[in-house]
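In: Give me a 3D structure for the following:
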Amino acid sequence: MRNFIILASLLAALIGLSITLFWQVEQSGFSAISALLVILNLVCAAQIFNLFKRQTRRADMVFRALANGDSTLGFGDQHPMQQQFEQVKQQIQAARFNAEQQAQFLQALLIHIDLAVLVCDEQGTIIESNPAVSRLLGHAVKHIDDLGVIANLVQDAKQNSRNTVPWQNGEQHDTLSVQISIAEIQGKVRKVISLQSIHDQLQLKEQQAYKRLTKVLTHEIANSITPLSSLAQTCTALLPNELSFDDQEDKQDLQLALTTLASRTEHLGEFIAQFKKVSSLPAPHLQPHILADLAKQVVALHSQQAKQLNITLNLSVQSQQLVMIDRGQVEQVIINLLTNAIDVLKQLNIPESAKYIEVSIAQNANQQLYLEVSDNGTGISDHVIEMIFVPFFTTKQQGSGIGLSLSRQIMLNHGGDLVYIKRQQGACFRCVFG
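Out: Sure thing, here's the model as predicted:
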C-alpha cells in the first residue's frame, strides 16, 4: 500500500511538473526556471523507474523462492498481485506434494520388489537403484562398468531390448534376464535396466522336460521289453535237451542267443527302473534337522571304507543351523557325492597318504547354508562340466548316470541347488539350501 501511495504521488508530481514546464516554456521561453523544472521531471521519472525496478526485483525473488520451495517470501496484503501469488503458491505446493507422494510410493515399491532396477545417464553413471541389485549381483553398483558383461549391452543399446546373459556371483553361476529401456526425461537420455535371475526357471523347465522324456521312454521301452523277456525265457524252457542239430555248435549258439536275449532284457528292465527313479521322485517331507548331525552320520558310515583305501576323510562344521529337509533324501545326496569322490580317488595314481576328501558345512555370502564335498582328485574336464547333471550321462564304465541328476533333483525340490565348483585341483560339489 505504501509503495502504491508513493507511486501515485510521483506520477502526480511528474504530471504537474510537466504541465508547469510546458506552460513556462510557452509563456517565457526556456529559462533557468524551465531548466529547474526539467531537472525535477527527470528526478521524478528516475524515482518512478527505480520504484518499478525494485518491485520487479522483489517479484522475481518471490517467484524464484516459490519455485525452490520457499514460501516464506511474499507480497504485502494490499499488494495487487497478492491474490494471484497465493493461487500460484497453492498450485505449486499441491503439485509438489503429489510429486513427493508419487516419488515415495515408487521408492517404496522399488525397495520391496525382487526385480533389480537401475537407472543410468548417458555417461553410464548409476543415478538410481534399488536394494535388489546388491542382493542379485552380490555388490553395489555405481557405474555400469561394475556390471561386467552386462555393461556392453547397456552401452551398445540404442533402443529397447531384452537379452539373457550368464552371471557368476562368487562361485554361484546364474543366468540373468536383462531388459533395457531408453527414455528421455527433462531433455536428458536415461537408460532403465531391469535384471532378473531366470536360473531357477530354466532348471525347472529342464527338469520337467527330463521327467516327460523319461516317462515316455519308460512306457514305450517297458512295453517292448516285458514280452521280449518273457518270450526269451519261454523259448529257453521249451528247448528240449534231446533236440538234435546237424551241427552241435548250432544248438549251443541258439541256447547262447536265447540266454543273452533274456539277460539283456533283464538289464534293460533294471535300466527302466532307474528311469523311474528320476521321473517319479516323491515330494520331500520337510522337517527341521541340524545338517551337521546328518553329515556326521554319513561320514561315519563311509569312514571305514575310506580308511581301508588310505583316504583321509574330514568333516568341517562352521554352522549348526537348523534347516527344513527330507532327511532320507538329503542323506542319499551326501552318500552319492561321497561315493563318487571315493570312486575317483580309488583309481587315482598318487601316493595313497595324499588322498583326501573334505565335507564342510558353512554359509555363503547370501547367508545360505551349504554342504560341500571336495576331493583332491583330477577334477572334471571343462567339456564335461555342462553334461554332468544330464540324466544318464556318465564317464564311468559301470555308472548309470543318474546319481548326480537325482541328487540335483532332490536339492531343487528342497528349494536349493546342487552346483559344481571349479577348483585348481580336484572336484567340489556344493549343496545349497534355500
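In: Can you list the neighbours in contact with stretch 318-325?
Out: 284, 286-292, 294, 360-363, 369, 414, 433 (Cβ atoms under 8 Å, 6 or more residues apart in numbering). Yep, even glycine has a C-beta here, placed from its N, CA and C like the rest.
In: Show me those that map onto strands.
Out: Among these, the ones falling in strands (DSSP state E) are 287, 288, 289, 290, 360, 361, 362, 363, 369.
In: export the residues you listed to a markdown table and tack on neighbour count and pLDDT?
Out: Output for the ones in strands among the contacts of stretch 318-325, formatted as a markdown table (neighbours: other Cβ atoms under 10 Å; pLDDT from 0 to 100):
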| residue | neighbour count | pLDDT |
| --- | --- | --- |
| 287 | 10 | 91 |
| 288 | 8 | 91 |
| 289 | 16 | 91 |
| 290 | 15 | 90 |
| 360 | 18 | 93 |
| 361 | 23 | 91 |
| 362 | 15 | 91 |
| 363 | 13 | 87 |
| 369 | 21 | 89 |
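In: Using TSV, lay out these together with distance to residue 330.
Out: Converted to TSV, the ones in strands among the contacts of stretch 318-325 look like this (distance: Cβ to Cβ, whole Å):
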residue	distance to residue 330
287	11
288	13
289	8
290	12
360	16
361	12
362	16
363	17
369	11
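In: Return the member of these nearest to residue 92.
Out: residue 363 (52.1 Å; Cβ to Cβ).
In: I'd like to know how far the closest one sits from residue 143.
Out: Per Cβ to Cβ, to the nearest Å, residue 363 is found 30 Å from residue 143.
In: just residue 394 next, same as before
Out: For residue 394, the distance to residue 143 - Cβ to Cβ - is 46 Å.
In: Who has more neighbours out of these two?
Out: More crowded of residue 394 and residue 143, by other Cβ atoms under 10 Å: residue 394, with 17 against 12.
In: How is that one classified with respect to secondary structure?
Out: In three-state terms, and counting by DSSP: H, G, I helix; E, B strand; the rest coil, residue 394 is coil.
In: One more: the one 10 residues further on?
Out: When the structure is split into helix, strand and coil by three-state DSSP, residue 404 lands in helix.
In: How many residues are close by residue 403?
Out: For residue 403, the neighbour count with other Cβ under 10 Å is 20.
In: Could you do residue 40 as well?
Out: Neighbours around residue 40, by other Cβ under 10 Å: 17.
In: ok, it to residue 132 distance?
Out: Residue 40 is 75 Å from residue 132, by Cβ to Cβ.
In: for residue 152, same thing?
Out: Per Cβ to Cβ, residue 152 is found 22 Å from residue 132.
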